[in-house]
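In: Coordinates for the following, if possible.
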Amino acid sequence: MTIQILTAIGDPTAEAELAATLATSAPDLEVVRRCVDLADLLATAAAGRARAVVLAADLRRLDREAISRLGFAGVAVVGLAASPDDSAAQRLRQLGVERVVTADGVAVAVRLAVDAFTAGVTASQAPQAQEPPQGLGRVIAVWGPAGAPGRTTVAVNLAAELARLGRPVLLVDADTYGGAVAQLLGVLDEAPGLAAACRFANAGRLDRAQLVTVAQELSPGLCVLTGIGRAERWPEIRASSFTEVLRVARDVASYVVVDAGFCLEQDEDLTYDTTAPHRNGATLAALAAADVVVAVAGADPVGLGRYLRLFPQLSELTAVAPVTVVNRVRERVLGPGDPGRQATSALVRYAGIEAPVVVPDDPAAVDGATAVGRTLAEQAAKSAVRLAIRGLALRIAEGTYRAPGEPPTGHAPRRDRRRGAASGLRRTSGRGGSRRSRRRRRESESPGR
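Out: Numbers count the residues shown, from 1 in each chain. Sure, this is the predicted structure:
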């Protein structure tokens, strides 16, 4: 069976030699077109004239988005370099090219690439020795539906609490509709750090040192990649580039906390141009790459309704069970009775969500921290909101947060084991609770009251 291939190499002499070599030594490979530039390559690939392309790093304007578009067109990509370890080969791998070979290995690489692409084999399953190692950091995606359930507040303070545990944390504002991390923390945001990181990733020049340069340090152990300040700049945050940013971020930080956008729609369902940038691509990429998904729901009938409608779709987009956080729990909004218990009962009844994290409403603490651009741990360390988010951070750090029915992956601290499932949601001191609670209990038990 003949395999039609394209070539896109900046050096005409090297391209001619490659075509002549393939014609004599690989009769099953047919070079149907020698593309003169990137536009010619993308147009020919989109027309379905070939199943593979051999390209070099010296092709002008070659970037990660072009590699992504070739894959979407059904064309397997093989990189050509003088040596598997030179700078050109390294750049091709940074752009997302899985197979980079020398001229004498092109024929074998093309056959393997086409077979793997046809069978739907992922890069990790394909025979690929040059794949860069994955970092050890964990990606935590914080998501919430429309209606301001407090997703950014949870993301910022969760990142701050994880950093206070002594591990490096990178906070990423990936909301392409209305990023607010910089405003919430009072960060001067003249040039969005995430947009700069995505540009470096798209050009194949993003590494650990470059990522640290574009990030801003908020406190020891906590850095932030600020998001876009204007909504019209969302095409700068492309899914392919953002995925590379997350990959490098795993090498930089122990925890990568991503404040994701609210929309879960597949953009290709909304437009006929499937190769155009996708506004929701960053959110979907964050959810797909996440090791932990924190899903925030507002503690009111509208917020819970929105969350429950989108929860099945959210579960399909992630490989892990989402951790539900019911935010701003307050009296009267859900009717008479315990609001936390009512919200939990609704989640169990309509979606089978058990043991959500209940975050009480404390507008004075949250507004006070927002007004001065500080985290709750800095501004209101004893607030109920901060204690609830701190409990969530402890469980994530210890690996004890899991979906119902899953075996534990770690051991909780002694304090959490003593308090059971309610740990992190209410601070107590000693066996009898806090001094205030013990005083109230004695007053209620005294005669004449």
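In: Low-confidence stretches in the stretch 251-400 of the chain?
Out: 267-277, 400 (pLDDT under 70).
In: where along it do the strands fall?
Out: Secondary structure of the stretch 251-400 of the chain (DSSP state E, counting those that start in this stretch): strands at 255-260, 292-298, 323-329, 357-360.
In: Of the ones you listed, flag the one that's most buried.
Out: Most buried of these, by mean neighbour count (mean count of other CB atoms under 10 Å): strand 255-260, with a mean of 29. For glycine as for every other residue, the C-beta is placed from the backbone atoms N, C-alpha and C.
In: what sits up against that one?
Out: Applying CB atoms under 8 Å, 6 or more residues apart in numbering, the contact partners of strand 255-260 are 137-143, 151-152, 155-156, 158-159, 162, 167-175, 179, 181, 227, 246, 249-250, 282-283, 286-287, 290, 396.
In: Restricted to helices, list the residues you listed.
Out: Residues of these located in helices (DSSP state H): 151-152, 155-156, 158-159, 162, 181, 246, 249-250, 282-283, 286-287, 396.
In: The stretch 51-200 of the chain: helices as residue ranges?
Out: Using DSSP state H, counting those that start in this stretch, the helices of the stretch 51-200 of the chain run over 64-72, 87-94, 106-119, 151-164, 181-185, 193-202.
In: Now the shortest one - C-alpha only, CSV.
Out: The C-alpha trace of helix 181-185 is given here as CSV (Å, rounded to 0.1, in the frame of the first residue of the first chain):
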residue,chain,number,x,y,z
VAL,A,181,-6.9,36.8,39.7
ALA,A,182,-4.7,39.9,39.2
GLN,A,183,-7.4,42.2,40.4
LEU,A,184,-8.2,40.0,43.4
LEU,A,185,-4.6,40.0,44.5
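In: That helix - contacts with which helices or strands?
Out: In terms of contacts (3 or more CB pairs under 8 Å, 6 or more residues apart in numbering; DSSP states H and E), helix 181-185 is packed against helix 151-164, strand 169-174, strand 222-225.
In: quick one: average pLDDT of the longest one?
Out: This means helix 151-164. Regarding helix 151-164, the rounded mean pLDDT is 97.
In: Can I get that helix in CSV, CA atoms only?
Out: In CSV, the C-alpha atoms belonging to helix 151-164 read as follows (Å, rounded to 0.1, in the frame of the first residue of the first chain):
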residue,chain,number,x,y,z
ARG,A,151,-14.5,30.1,41.8
THR,A,152,-11.7,32.6,41.7
THR,A,153,-11.8,33.2,45.4
VAL,A,154,-11.5,29.5,46.1
ALA,A,155,-8.7,29.1,43.5
VAL,A,156,-6.6,31.9,44.9
ASN,A,157,-6.9,30.9,48.5
LEU,A,158,-6.5,27.2,47.8
ALA,A,159,-3.2,28.1,46.1
ALA,A,160,-2.2,30.2,49.0
GLU,A,161,-2.9,27.5,51.5
LEU,A,162,-1.0,24.9,49.6
ALA,A,163,2.0,27.3,49.4
ARG,A,164,1.8,27.8,53.2
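In: Let me know how buried the residue nearest to Ala369 when sequence neighbours are not counted is, in neighbour terms.
Out: Once flanking residues are discounted, Ala369 sits nearest to Gln379: 3.9 Å by CB to CB, 6 or more residues apart in numbering. Using other CB atoms under 10 Å, Gln379 has 18 neighbouring residues.
In: Turn the helices and strands packed on helix 181-185 into JSON lines, including distance to Leu6 and mean neighbour count.
Out: Below are these laid out as JSON lines (distance: least, CB to CB, whole Å; neighbours: other CB atoms under 10 Å):
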{"stretch": "helix 151-164", "distance to Leu6": "43", "mean neighbour count": "26"}
{"stretch": "strand 169-174", "distance to Leu6": "34", "mean neighbour count": "29"}
{"stretch": "strand 222-225", "distance to Leu6": "36", "mean neighbour count": "25"}
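In: Need the ones you listed in JSON lines (columns: distance to Asp37).
Out: Formatted as JSON lines, the helices and strands packed on helix 181-185 follow (distance: least, CB to CB, whole Å):
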{"stretch": "helix 151-164", "distance to Asp37": "42"}
{"stretch": "strand 169-174", "distance to Asp37": "32"}
{"stretch": "strand 222-225", "distance to Asp37": "33"}
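In: Nearest to Gly204, out of these?
Out: Closest approach to Gly204 among the helices and strands packed on helix 181-185 (CB to CB): strand 222-225, 18.7 Å.
In: In space, not sequence, find me the middle residue of this structure.
Out: Closest residue to the average C-alpha location of the chain: Ala286 at 2.3 Å, with CA atoms, centre = their mean.
In: Contacts only, for that residue.
Out: Residues near Ala286 by CB under 8 Å, 6+ apart: Val139, Ala141, Ala174, Phe242, Leu246, Val258, Ala260.
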